[in-house]
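K.L.:
what's the 3D shape of this:
(3 chains)
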Amino acid sequence: MPKVSKFRDERDEKSVKARLRRSKANFRERNRMSSLNRALDNLREKVPLNPTLATMDLDQNHNQKLSKIETLRLAYNYISALGQSLSWGRRLHFEEMIYILSRGLSQTTVNLLRSRLRFDLDQHLAQSVSSTMLHHM
DNA sequence: TAGGCCATCTGGTCCT
DNA sequence: AGGACCAGATGGCCTA
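P.N.:
The predicted model follows:
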């Protein structure tokens, strides 16, 4: 067998091995990012704009996912708000809550947050009123 | 249409 | 040596 082709074979083999290594690394990277995204989805479920609690009639953005960065910011703000509530020893008022939760978020998300929290508050009030009425019946 | 967001690829670095 | 983690580059999609 001539030398030239032997060298070419070695080079080809090396590049085949390199490509194989790369494609395995890409596969692992995709898995790693996908597990990171699953963790982020779990976090989304825990923040006040929880997508599974979204209400159809609230607005047309109900099915729009919170972005990664906004999910992290909102989660951070939410923890701060809970901490604040704990240190004051009382529930936060609507505007106090909105103020803390909105830090660093886009105007769109803040608007969404406002309507969602207002909706939840109304639901909560309606529930309290009806249970009070039942109690007096 | 510019800008934001995302998934993917890639090469570098560190760790086991 | 091979895997995990990371940040930069790139291209596609969507929306204000």
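K.L.:
any idea how many residues pack against A:L112?
P.N.:
For A:L112, the tally of surrounding residues (other CB atoms under 10 Å) stands at 21. Heads up, the C-betas are built off the backbone N, CA and C, glycines and all.
K.L.:
equivalent analysis for A:L121, please.
P.N.:
12.
K.L.:
what's the helix or strand for it?
P.N.:
Using DSSP states H and E, A:L121 maps to helix A:107-136.
K.L.:
how many other residues sit next to the closest residue to A:T109 other than its chain neighbours?
P.N.:
Nearest non-adjacent residue to A:T109, counting by CB to CB, 6 or more residues apart in numbering: A:E70, 5.5 Å away. For A:E70, the neighbour count with other CB under 10 Å is 18.
K.L.:
I'd guessed A:E70 sits against A:S106; true?
P.N.:
Yes: counting by CB atoms under 8 Å, A:S106 is a contact partner of A:E70 at 6.7 Å.
K.L.:
pLDDT weak spots in chain A?
P.N.:
A:1-14, A:51-63, A:125-137 (pLDDT under 70).
K.L.:
80 - rerun?
P.N.:
For chain A, the stretches flagged by pLDDT under 80 are A:1-15, A:50-64, A:119-137.
K.L.:
interface residues of chain A facing DNA strand B?
P.N.:
When proximity is defined by CB under 7 Å from any atom of the strand, chain A lies next to DNA strand B at A:22-23, A:25-26, A:29-30, A:33-34, A:37, A:65, A:67-70, A:106.
K.L.:
out of these, flag the one nearest to DNA strand C.
P.N.:
A:E29 (5.3 Å; CB to the nearest atom of the strand).
K.L.:
quick check, whatever helix or strand that closest one lives in touching DNA strand C?
P.N.:
Per DSSP H and E: A:E29 is located in helix A:3-46. Yes: counting by CB under 7 Å from any atom of the strand, DNA strand C is contacted by helix A:3-46 at A:21, A:24-25, A:28-29, A:32.
K.L.:
all set now, cheers.
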